[in-house]
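>>> output the structure for:
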Amino acid sequence: MEKDYPQHKAEYLLYDNYTEAPDLLRQCREHLDAVIFGGVGPMEYTAERLPQQAIWSAIPKSSSALLRALMEAEQRGWDLARISFDSYSPDFLGEVYEEIGFPEGKHRAFYTTGIISHEVSRNESTLHFHSGLFSRGETDGCITVLYWVHKKLTEEKIPSILAYPPKNSIRQQVEFVMQLHAARNSLPENIAVCLISIDFPAEYSAALQSDYQFMIDRTNILKQVYRFSEQLMGTVVELSPREFMILSTREVIEIATGQYQCWEIIDWMQNNSLQAMSIGAGCGSTVAAARKNAGKAMMKSLNYKKNTVHVLESSEKIIGPFFGKKAPPTARDSIADPHVLEKLLRVADRSKLSVNTVHKIYYFVQCLQHRHFVPKELADFLNISRRSTDRILEKLENSGYAFVTGRRMNKTSGRPVRIMQVHFDGACLPEDREE
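Model (predicted):
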């Protein structure tokens, strides 16, 4: 920063565990123009605990960081087919391994947690994942993006490499924030309106016994709408429980979305919600003209019945659809599966649970934004006793749909509490469970 951007004053908030980020930022946020987080996870974790008062951005995961880590692993003499990863999807790992020309047959099945969310138990469950594989002799070492996990693995004498972002990725993010800050302070030439509509897919209606669960999900979505508005330096108007309008400027929206190509709120919806979000963005010389154009773009997005964005500028040509940073048009198909109810019926039959209970658990896992949870959280959601919850989880464990990923200490009783994970996409293999 001092060498490449001497005109800017940088402050560094350093932590071992990303859960410390909100407290560190709370102490100095009043005088900051922008905050760049080391990753999306810490930014999302902080956003749930601290209101955004400046520009927030995060350094994305890149193949360059993983390639550097794999090069170090090879220098250490590790077998590249015997490495455990966290925070990377199997598809992403497959692409990177193809780039280095690794024989395809050797890496079809990766040891990876997949994309993990930012819940408090994330560090502990990831540490348990890596240490378990290494202690069973299945890996030569671990590649992690989590500094706390890397530190703990090193203390336990388990070979570990931290996949930190390359300098070029940091420079790109600094320059993006600089552009966004400059656009916020410039005089607006065009008014822009974003209309946002939330649509609950029909195939999930059986999973909702009341509007209670919808309101839980709506609260989480509402947080993202306001965060998106802060990024656009806009104003949110709640038109209805399912519809919102954001007023901003064309220049800010173009920069914040990378010329409409990258919509972070759509990416969040893809990964964290069962509901579909349709966005129509419009520009004009007045609010009325911009809203009229946004309405035309919205009609296009609504036809897709999935997370979609269309944009209508001053001309009559609507551009789009846009589906987020990387998601193709079929990205939501894995969530909005027309056979989802059939799948849940199969889970209910195998686990000897009622279909209604399975529906509620399925929705619980989705609307809490992560798969990891402690039994008390599920008990509170289902509004049943802990004993009844334990019986349900035992049936899911026995049928291969749930397993223990780790444990953490209970502050009240001092006894360790199980950290659970549920997979309804397929029964978990026995070796995935805690020994």
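>>> from Gly234, how far off is Thr249?
8 Å (Cβ to Cβ, to the nearest Å). (Glycine included, C-beta is placed from N, CA and C.)
>>> with His359 instead?
His359 sits 36 Å away from Gly234, going by Cβ to Cβ.
>>> ditto for Leu133
The span separating Leu133 from Gly234 equals 46 Å under the rule Cβ to Cβ.
>>> what of Ala379?
As judged by Cβ to Cβ, Ala379 and Gly234 stand 39 Å apart.
>>> among those two, which residue is more densely surrounded?
When neighbours are counted by other Cβ atoms under 10 Å, Gly234 comes out ahead of the other of Ala379 and Gly234, with 21 against 18.
>>> quick one: that one and Met245 touch, right?
No. At 9.3 Å, Gly234 and Met245 do not qualify as touching, with contact defined as Cβ atoms under 8 Å.
>>> domains of the chain?
The chain resolves into domains spanning 1-61, 63-162, 187-332, 340-432 when parsed by automatic domain parsing.
>>> quick one: Ser385 and Arg415, what's the gap?
From Ser385 over to Arg415 the distance is 18 Å, taken as Cβ to Cβ.
>>> okay, now the unreliable bits of the stretch 51-200 of the chain?
Counting by pLDDT under 70, the stretch 51-200 of the chain shows low-confidence ranges at 104-109, 115-121, 183-189, 200.
>>> can you map out the strands along it?
Residue ranges of the strands in the stretch 51-200 of the chain, as given by DSSP state E, counting those that start in this stretch, are 55-58, 83-85, 111-112, 141-144, 160-162, 191-199.
>>> which residues do Gly234 and Met245 both contact?
Cys194 (Cβ atoms under 8 Å, 6 or more residues apart in numbering).
>>> could I get the strands of the stretch 51-200 of the chain as a markdown table with distance to Glu238 and mean neighbour count?
As requested, the strands of the stretch 51-200 of the chain are exported to a markdown table (distance: least, Cβ to Cβ, whole Å; neighbours: other Cβ atoms under 10 Å):
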| stretch | distance to Glu238 | mean neighbour count |
| --- | --- | --- |
| strand 55-58 | 22 | 19 |
| strand 83-85 | 41 | 24 |
| strand 111-112 | 39 | 20 |
| strand 141-144 | 40 | 26 |
| strand 160-162 | 42 | 20 |
| strand 191-199 | 10 | 23 |
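>>> okay if I get those as TSV plus distance to Glu394?
As requested, the strands of the stretch 51-200 of the chain are arranged in TSV below (distance: least, Cβ to Cβ, whole Å):
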stretch	distance to Glu394
strand 55-58	39
strand 83-85	28
strand 111-112	27
strand 141-144	31
strand 160-162	34
strand 191-199	36
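>>> which one of the ones you listed lies closest to Gln275?
Taking Cβ to Cβ as the measure, the strands of the stretch 51-200 of the chain were each checked against Gln275, and strand 191-199 came out nearest at 5.3 Å.
>>> and that closest one, how far from the chain's centre?
Mean C-alpha position of strand 191-199 versus that of the full chain (Cα atoms, centre = their mean, to the nearest Å) differs by 22 Å.
>>> contacting residues around that strand?
For strand 191-199, the external contacting residues (Cβ under 8 Å, 6+ apart) are 218, 221, 225, 232, 234, 242-250, 252-253, 275-287, 289-291, 293-295, 297-298, 301-302, 305.
>>> likewise stretch 24-42?
Contacts of stretch 24-42 with the rest of the structure, by Cβ under 8 Å, 6+ apart, involve 11, 13, 15, 18, 21, 43, 46, 50, 53-61, 87, 116-118, 122, 145, 165, 170, 173-174, 177, 180-181.
>>> at 7 Å instead, please
Residues outside stretch 24-42 that contact it (Cβ atoms under 7 Å, 6 or more residues apart in numbering): 11, 13, 15, 18, 21, 43, 46, 50, 53-60, 118, 145, 173-174, 177, 181.
>>> if any of those residues are buried, give me the PyMOL selection for them.
Those of the contacts of stretch 24-42 that count as buried under 16 or more other Cβ atoms under 10 Å are selected in PyMOL with:
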select buried, resi 18+21+43+46+55+56+57+58+59+118+145+173+174+177+181
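>>> in helices, which of the contacts of stretch 24-42 fall?
The subset of the contacts of stretch 24-42 located in helices under the criterion DSSP state H comprises Ala21, Met43, Thr46, Gln173, Val174, Val177, His181.
>>> would you list the residues you listed in CSV and tack on distance to Ile318?
Formatted as CSV, the entries for those read as follows, by distance: Cβ to Cβ, whole Å:
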residue, distance to Ile318
Ala21, 39
Met43, 31
Thr46, 36
Gln173, 31
Val174, 34
Val177, 30
His181, 30
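>>> wait, which of these is closest to Gly141?
Proximity of those to Gly141 was ranked by Cβ to Cβ; the top entry is Ala21 with 27.2 Å.
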